[in-house]
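**Q** Using only what follows, build the 3D model:
(chains A, B, C and D)
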Number of protein chains: 2
Amino acid sequence: MTLTKNIFTGEYSYSIDSKNRVNIPSNFRNCLSSDNKKTFVITKGLDSCIWVYPLIFWKKIENDLKKLSSISNTNRAFIRNTARYASPVKFDKQGRINLTNVLVEYASLDKDASIIGMINKIEIWNPSILDKVDKESSKIKNDEYDELANKIII
Amino acid sequence: MTLTKNIFTGEYSYSIDSKNRVNIPSNFRNCLSSDNKKTFVITKGLDSCIWVYPLIFWKKIENDLKKLSSISNTNRAFIRNTARYASPVKFDKQGRINLTNVLVEYASLDKDASIIGMINKIEIWNPSILDKVDKESSKIKNDEYDELANKIII
DNA sequence: ATATATTTTGGGTAGATGTGGGTAATTTAC
DNA sequence: GTAAATTACCCACATCTACCCAAAATATAT
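**A** Model prediction:
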């Protein structure tokens, strides 16, 4: 069941087969707006996971990047990192997408994947790495984190 | 009988069946405003219980999270913690919702559940854990607690 | 007290979803 | 050019879930 279009939440376990196919939770597929149907953009995420953008969000990123001048070294590096690994994927009749080898290696993916909704994008993880990152992040609950937690009443 | 829309109070005992279904007190269901009907969002609460948000409250959280950039490590951790365990649920004709396995395990739920109104959300507890937490919390009536007690006249 | 309505609980089933594998089409390598 | 490898597209099956029905328990009205 889905709430807001193009907003993803929840955690799911899926398997990756020998063809690097991974299922996108039906929840997430049904969540796409009608102009978005069947297409995602996958790319390198931070924390060694794969980011999966719905088309509408990726277009916004493209648009923002377009405005950055390439004279600045920082800008150039940023654009390169963001654009380099991005590739559009369609899902098959069963709702699976094909991951690129580069991204599978980057995320150290093997047989199992944890897929989690991150509001405006999706993350694909090796479950054990996700666990590790999760434990580490609970240690760094710093002032900045507390400030966020106070601003956003949950 | 309900007072204000989307404001929950009271305590109830319900059973959880083999399909992880739990009834939402009819009181709480009738309390939902008309734009909220039939939908809640469940997620990990603090103190090992499950939090159940009415839609209207969760949308506010979604909206706040949507504005956070994922470049910041802290933002990413915060979004992940908040979004990861959240899943929308509709209740069936009988007024029950399906709990996810992850949340059932997190809250150590077995056969019985205590459901309590927490003003703008609902909490689902293992009754024995609720008892324990309740007893511990009566010990920590500290300065912070007193400060609150002065602000909120009861 | 009896009848009626509402609420809670339990279970069955059709349809949706996840997983694996095969084959044809396309690309890449040689 | 051909051969090998990769990709896209089917189909089949096992599993799960949303939905429906019905019994039991509780509350309300007569």
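**Q** what's the spacing between the residue nearest to the spatial centre of chain A and residue A:121?
**A** Among the residues of chain A, residue A:51 comes closest to the average C-alpha position under CA atoms, centre = their mean, at 2.2 Å. According to CB to CB, to the nearest Å, residue A:51 stands 5 Å off from residue A:121. No exception for glycine: its C-beta is placed from N, CA and C like everyone else's.
**Q** hang on, the earlier thing: helix or strand for the residue nearest to the centre of chain A, just tell me which one.
**A** Remark: residue A:51 resides in strand A:50-54, with elements defined by DSSP states H and E.
**Q** And the following helix or strand past that strand, what does it pack against?
**A** Beyond strand A:50-54 in the direction of the C-terminus, DSSP H and E gives the next helix or strand as helix A:55-66. If contacts are counted by 3 or more CB pairs under 8 Å, 6 or more residues apart in numbering or on different chains; DSSP states H and E, helix A:55-66 sits against strand A:39-44, helix A:73-84.
**Q** is any part of the longest one close to chain B?
**A** No. With CB under 8 Å from any CB of the partner chain as the criterion, chain B is not reached by helix A:73-84; the gap is at least 9.3 Å.
**Q** how big is the angle separating that helix from helix A:55-66?
**A** Between helix A:73-84 and helix A:55-66, the angle formed by their directions is 150 degrees, by axes from the mean of the first three to the mean of the last three CA atoms, to 10 degrees.
**Q** so the residue nearest to the centre of chain A touches residue A:44, yeah?
**A** Yes. Here residue A:51 reaches residue A:44: they are 7.1 Å apart, a contact under CB atoms under 8 Å.
**Q** which residues sit in contact with the closest residue to residue A:117 other than its chain neighbours?
**A** Closest residue to residue A:117 apart from its sequence neighbours, by CB to CB, 6 or more residues apart in numbering or on different chains: residue A:8 at 3.2 Å. Contacts were defined as CB atoms under 8 Å, 6 or more residues apart in numbering or on different chains; by that measure residue A:8 touches A:27, A:28, A:31, A:117, A:118, A:119, A:120, A:121, A:122, B:83.
**Q** still on that earlier bit, let's test this: mean pLDDT of the strand holding residue A:51, rounded?
**A** Strand A:50-54 shows an average pLDDT of 94 in the prediction.
**Q** coming back round to it: so which of the contacts of residue A:8 comes closest to residue B:35?
**A** Within the contacts of residue A:8, the smallest distance to residue B:35 is 19.5 Å, found for residue A:31 (CB to CB).
**Q** who touches the nearest residue to the closest one once chain neighbours are set aside in this structure?
**A** Distance criterion CB to CB, 6+ apart; nearest residue to residue A:31, sequence neighbours excluded, is residue A:2 at 4.1 Å. Taking CB under 8 Å, 6+ apart as the definition of contact, the neighbours of residue A:2 are A:27, A:30, A:31, B:88.
**Q** and the worst-scoring helix or strand of chain A on mean pLDDT, what does it pack onto?
**A** Between all helices and strands in chain A, the lowest mean by mean pLDDT, DSSP states H and E belongs to helix A:143-151, at a mean of 80. Contact partners of helix A:143-151 among helices and strands, from 3+ CB pairs under 8 Å, 6+ apart: helix B:73-83.
**Q** Show me the contacts of residue A:8 that map onto strands.
**A** Cross-referencing these against strands under DSSP state E gives A:117, A:122.
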